[in-house]
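**Student:** need a 3D model of the following:
(one chain, ligands or ions: 2)
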Amino acid sequence: MPPPSAPRPAAAETVALGAGRRTAYLMVLVVLPGVLLALAVPAAWGWGVGPRDAVIAAVMYLVCIFGIAIGYHRLFTHRAFKCRRPLRIALLLAGGLAVEGPVGLWAAEHRRHHKYADREGDPHSPWRYGDGGVALVRGMLHAQAGWFYTARQRSNRAHWVPDLLADPDVRRFDAAYPAVVALSFLLPFAAGGLWSLSWEGAWSALFWGGLVRYAVVHHVTWSVNSVAHTFGRRPFRSRDRSSNVRWVAFLTLGEGWHNWHHVEPTCARHGVLKGQLDPSARLIRWFELAGWAYAVRWPDPARLAAARAGPDRH
Ligand SMILES: [Zn+2]
Ligand SMILES: [Zn+2]
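**Tutor:** Numbers count the residues shown, from 1 in each chain. Ligands and ions are numbered 1, 2, ... in the order given. Got it, this is the predicted structure:
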């Protein structure tokens, strides 16, 4: 027994991932979204997407992407603001609907990404295999989705997210995660059925607002890991190759302004330069004005100026 004053040994950063779990990741995170996206093309070509399905899919998309950006990422992973409990729970649920895993696991992988960004130990750097040609294409596929299957180690929650493991709301949410996944598909199914008063409407809303939306949301989220660590501008000095990509920022509702985010991960605003629209930061601001969010970490102009790279990197 160590003396009581001795520091407790730190939990390992990663834990081994069993073959069963890796195969499940392969199906749910790599194969199935690809198949669904491939199916969506002939479906859209042959029958089109009616206005009802388009509205349901768009609402689900916005809820999921805001849930990931504001909830999973800025609130729970980086503590960029605090908020009242009903909003916290709503943000947890919205993030969970994106089917990207329980928040504890998501945050653990992402905190490890920040610590080792684009270096040995980063779970999903596009630069893993080398700097150009085939190696970079391979790296981008790895960063986009390949790492879910190829990684033999998973970030250990006990090491990376002890704060979330100690949070009763997070614990309850993570335990109920399978039900949240079911809800992610039941909601569009029910919305389509009730709106059209038909089973046919329910099934087609499940396809567009449930299955296709889940595949699109996944690949949009992951484009931050691949594209916004490869292409685009780097106006700030960061230790990694995080970058700003306008179309990724548009699709992810602000997350594609990734360069500043790596300089100051706890900042609630990612798009900090002129013309960088960040709808997620705007929504956090509205929550703050409504009194639901507080202690928001807005960017500090002095820090911004100090972190700017030379004019040649604009
Ligand atoms: Zn990153
Ligand atoms: Zn982050």
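**Student:** can we go C-alpha only for contacts and neighbour counts from here?
**Tutor:** Noted.
**Student:** for stretch 73-93, buried residues please.
**Tutor:** 73-83, 88-89, 91-93 (16 or more other Cα atoms under 10 Å).
**Student:** so which of those residues are in strands?
**Tutor:** 82-83 (DSSP state E).
**Student:** how about the nearest residue to Ala139, chain neighbours excluded?
**Tutor:** I think there's a mix-up here, since residue 139 is Gly and not Ala. Spatial nearest neighbour of Gly139, chain neighbours left out: Pro126 (4.1 Å); criterion: Cα to Cα, 6 or more residues apart in numbering.
**Student:** so who does the one you found touch?
**Tutor:** Contact analysis of Pro126 by Cα atoms under 8 Å, 6 or more residues apart in numbering lists 118, 136, 138-143, 225-226, 229-230.
**Student:** likewise Phe76?
**Tutor:** 103, 107, 164.
**Student:** so the first one touches Gly96, yeah?
**Tutor:** What it means is Val103. Yes: counting by Cα atoms under 8 Å, Val103 touches Gly96, with 7.3 Å between them.
**Student:** rewinding a little: and which of the contacts of Pro126 is nearest Gly271?
**Tutor:** Within the contacts of Pro126, distances to Gly271 taken as Cα to Cα reach their minimum at His229, with 15.6 Å.
**Student:** how about the nearest residue to the closest one, chain neighbours excluded?
**Tutor:** Among residues not flanking His229 along the chain, Ser242 sits closest, at 4.3 Å (Cα to Cα, 6+ apart).
**Student:** repeat that for Trp222.
**Tutor:** Gln144 (5.2 Å).
**Student:** tell me how many other residues surround the one you found.
**Tutor:** Neighbours of Gln144 under the rule other Cα atoms under 10 Å: 24.
**Student:** quick one: the strands in the stretch 101-250 of the chain?
**Tutor:** Counting by DSSP state E, counting those that start in this stretch, the stretch 101-250 of the chain has strands at residues 153-155.
**Student:** give me the below-cutoff pLDDT ranges for this protein.
**Tutor:** 1-9, 310-314 (pLDDT under 70).
**Student:** scan it for its longest helix.
**Tutor:** Scanning the chain for the helix with the most residues, using DSSP state H, yields helix 177-196.
**Student:** residues in contact with that helix?
**Tutor:** Outside helix 177-196, the residues that touch it by Cα under 8 Å, 6+ apart are 52-53, 56-57, 60, 93, 96-99, 101-102, 199-206, 209-211.
**Student:** now do the buried residues in it.
**Tutor:** 177, 180-181, 183-193.
**Student:** what about that helix, distance to the chain center?
**Tutor:** Helix 177-196 sits 21 Å away from the centroid of its parent chain (Cα atoms, centre = their mean, to the nearest Å).
**Student:** could you list the alpha-carbon positions for it in CSV?
**Tutor:** Presented in CSV, the C-alpha positions along helix 177-196 are these (Å, rounded to 0.1, in the frame of the first residue of the first chain):
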residue,chain,number,x,y,z
TYR,A,177,-27.2,5.9,-25.2
PRO,A,178,-28.8,2.9,-27.1
ALA,A,179,-32.2,4.4,-26.5
VAL,A,180,-31.0,7.8,-27.8
VAL,A,181,-29.8,6.1,-31.0
ALA,A,182,-33.2,4.5,-31.4
LEU,A,183,-34.8,7.9,-30.9
SER,A,184,-32.6,9.3,-33.7
PHE,A,185,-34.5,7.1,-36.2
LEU,A,186,-37.9,7.0,-34.4
LEU,A,187,-38.3,10.7,-34.5
PRO,A,188,-38.1,11.1,-38.3
PHE,A,189,-40.2,8.0,-38.7
ALA,A,190,-42.9,9.4,-36.4
ALA,A,191,-42.7,12.9,-37.9
GLY,A,192,-43.2,11.5,-41.4
GLY,A,193,-46.0,9.3,-40.4
LEU,A,194,-47.9,11.9,-38.4
TRP,A,195,-47.4,14.6,-41.1
SER,A,196,-48.6,12.4,-44.0
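**Student:** follow-up on the earlier one: of the contacts of Pro126, buried ones?
**Tutor:** Taking 16+ other Cα under 10 Å as the criterion, what is buried in the contacts of Pro126 is 118, 136, 138-140, 142-143, 225-226, 229-230.
**Student:** more crowded one of Val103 and Gly96?
**Tutor:** Gly96 (29 against 26).
**Student:** which residues are in contact with the more buried one?
**Tutor:** By Cα under 8 Å, 6+ apart, Gly96 lies in contact with 64, 67-68, 102-103, 177, 180-181.
**Student:** go again with 10 Å.
**Tutor:** 63-64, 67-68, 71-72, 90, 102-103, 173-174, 176-181, 183-184 (Cα atoms under 10 Å, 6 or more residues apart in numbering).
**Student:** what does Tyr294 give?
**Tutor:** Applying Cα under 10 Å, 6+ apart, the residues near Tyr294 are 80-84, 284-285, 287-288.
**Student:** columns distance to Arg234 on top of those, output as JSON lines?
**Tutor:** Formatted as JSON lines, the contacts of Tyr294 follow (distance: Cα to Cα, whole Å):
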{"residue": "Ala80", "distance to Arg234": "22"}
{"residue": "Phe81", "distance to Arg234": "25"}
{"residue": "Lys82", "distance to Arg234": "29"}
{"residue": "Cys83", "distance to Arg234": "31"}
{"residue": "Arg84", "distance to Arg234": "35"}
{"residue": "Ile284", "distance to Arg234": "25"}
{"residue": "Arg285", "distance to Arg234": "25"}
{"residue": "Phe287", "distance to Arg234": "30"}
{"residue": "Glu288", "distance to Arg234": "29"}
